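> Please find the sequence and the predicted model below.
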Amino acid sequence: MEERGEVKRDPRRRLPAADRVIRELKAEAPWLPDWAVAAGARRALEEARRRLAEPGHASGDPEGLVASALAHAQGLARPHPARVVNATGVVLHTNLGRAPLAPGAARAAAAVGSSYTDLELDLREGERGDRLGPVSEQLTLLSGAEAAHVVNNNAAALLLALNTLAQGREVIVSRGELVEIGGAFRIPEICERAGVTLVEVGTTNRTHAADYERVLGERSALLLKVHRSNFEQRGFVCEVGLAELARIGRRRGIPVLEDLGSGLLVELGPEGSPAFAPESYAPARLRLGADVVCFSADKLLGGPQAGILLGSAARIEAMRANPLARALRLDKLCLAALDWTLKVLLEGRGAQELPVLRELLAPVAMLEQRARTLAERLANVGGSGLAIEVLPEAAPIGAGSLPSARLPSWVVALRSPQGAQELAAALRTAPIPVVARIRDGAVLIDVRTLLEDDTSALEAALGFACGAPR
């Protein structure tokens, strides 16, 4: 009898049945698909049961249950990933998908995605073809490398290079380059997965050529240099440059691999300009002596997600022959987008066609004019309580690219009676969400990262945010 009393007092038994939650949810949101409604109801009930099992939770809230189910069902039913307006000024925002594709690249991907293709067919001979043949040649033309290979991202490129060139042997790297970037991507762990032994040299802030020379031996297979993404070292620091490291490697017969992270195939600007990036320019790194370089295609290059490997023919061919290469290979959609992007670069039209390069190279005077024009348009939709000001600003490039660089820009600063945090949150929940920065009590709309068709979406989002219930 006592056990029955315990069951009766269990508040979880008072939760409604799933069918009832589903019926109420369908009545409130009839446009949602049945599968999303059912999943939302199940998730809400599971969460309610977990909460009620904790001390201090004696009863459930039926209205809150339906609201929770609705929120989850809507999240499942909406497209993912979905379009957002990037008003942060961060050109390569990792959380927002890094580089937006050029419309032509997106069309190229859509065309092959909705049809059969000659992905691995030589149409002239009627035999199996090389899926990467054309883009590999395009990459060698752009970089001057002997050979090129492409996988599905730069972490995969680094993994493949390490495993191919140094499996079971030693890879030497400076302690100042044992980086961790977003998503807990750590160089030591990648080395471990690649089956190589990591040998650390130098200290966090200072590494000398003698540190490398001291550890080289029979088991040494590779000298690794890693771009410091998302941070830089200043003060009492010293590092071995690529040219000097390459000389050590040649003298000892050991190749040099450089992970650029965010690589370039065209120079962004003259020395002294904010976007000047000699350390990211892959052709120059190869000329300085790197035997292999790897980098992401969806950062400064402005293409789809891919990992690019450039280097000597023998080493690139060895990577292609590695069984890992098939597991890491590029899909046909990204391949089509990359092919289009590389051709634009070969034609010298990157600054005109690729959104990333267009944003990085936009003149500050033009950005100021865009900000003033945008402010006038937003004043018509924000209501009388919204204060609007046009201000100079600066933002990082993002995605670990050029960590010390901040690009000057102009912003439209929005100050609302509801407060900056509330306004920014409301903008993020608009039908086409707007992601912006907050500074000094204002929501900042940085025009550098606004795409051509973002203005109308931004106006609609601001109208939604200023009229949204709070």
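Received it, and whenever you're ready, just let me know what you need.

> quick one, domains of this structure?
Following automatic domain parsing, one gets these domains for the chain: 2-77, 85-95+359-467, 101-353.

> where in this structure is pLDDT low?
Low-confidence segments of the chain, defined by pLDDT under 70: 1-9, 56-63, 182-184, 230-231, 269-277, 400, 404, 468-470.

> ok, 80 please
1-14, 54-63, 180-185, 204, 228-237, 240, 268-279, 382-384, 399-405, 467-470 (pLDDT under 80).

> Could you identify the longest helix within it?
helix 34-52 (DSSP state H).

> Just the CA coordinates for that helix, please, in PDB.
This file holds the C-alpha atoms of helix 34-52, laid out as PDB (Å, rounded to 0.1, in the frame of the first residue of the first chain):
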ATOM      1  CA  ASP A  34       2.700  15.700 -38.300                       C
ATOM      2  CA  TRP A  35       6.200  14.200 -37.800                       C
ATOM      3  CA  ALA A  36       7.400  17.500 -36.200                       C
ATOM      4  CA  VAL A  37       4.400  17.700 -34.000                       C
ATOM      5  CA  ALA A  38       4.800  14.200 -32.700                       C
ATOM      6  CA  ALA A  39       8.500  14.700 -32.100                       C
ATOM      7  CA  GLY A  40       7.900  18.000 -30.300                       C
ATOM      8  CA  ALA A  41       5.300  16.400 -28.000                       C
ATOM      9  CA  ARG A  42       7.600  13.600 -27.100                       C
ATOM     10  CA  ARG A  43      10.600  15.900 -26.400                       C
ATOM     11  CA  ALA A  44       8.500  18.200 -24.200                       C
ATOM     12  CA  LEU A  45       7.100  15.200 -22.200                       C
ATOM     13  CA  GLU A  46      10.600  13.800 -21.800                       C
ATOM     14  CA  GLU A  47      12.000  17.100 -20.500                       C
ATOM     15  CA  ALA A  48       9.000  17.500 -18.200                       C
ATOM     16  CA  ARG A  49       9.500  14.000 -16.700                       C
ATOM     17  CA  ARG A  50      13.200  14.800 -16.100                       C
ATOM     18  CA  ARG A  51      12.400  18.100 -14.400                       C
ATOM     19  CA  LEU A  52       9.700  16.500 -12.200                       C
END
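
> ok, now which ones touch the closest residue in space to Ser312 that isn't next to it in sequence?
Distance criterion CB to CB, 6 or more residues apart in numbering; nearest residue to Ser312, sequence neighbours excluded, is Glu146 at 5.2 Å. Quick note: C-beta positions are derived from backbone N, CA and C, even for glycine. The contact partners of Glu146, by CB atoms under 8 Å, 6 or more residues apart in numbering, come to 140, 311-313, 316.

> Also Ala82?
Going by CB under 8 Å, 6+ apart, the list of residues near Ala82 reads Pro433.
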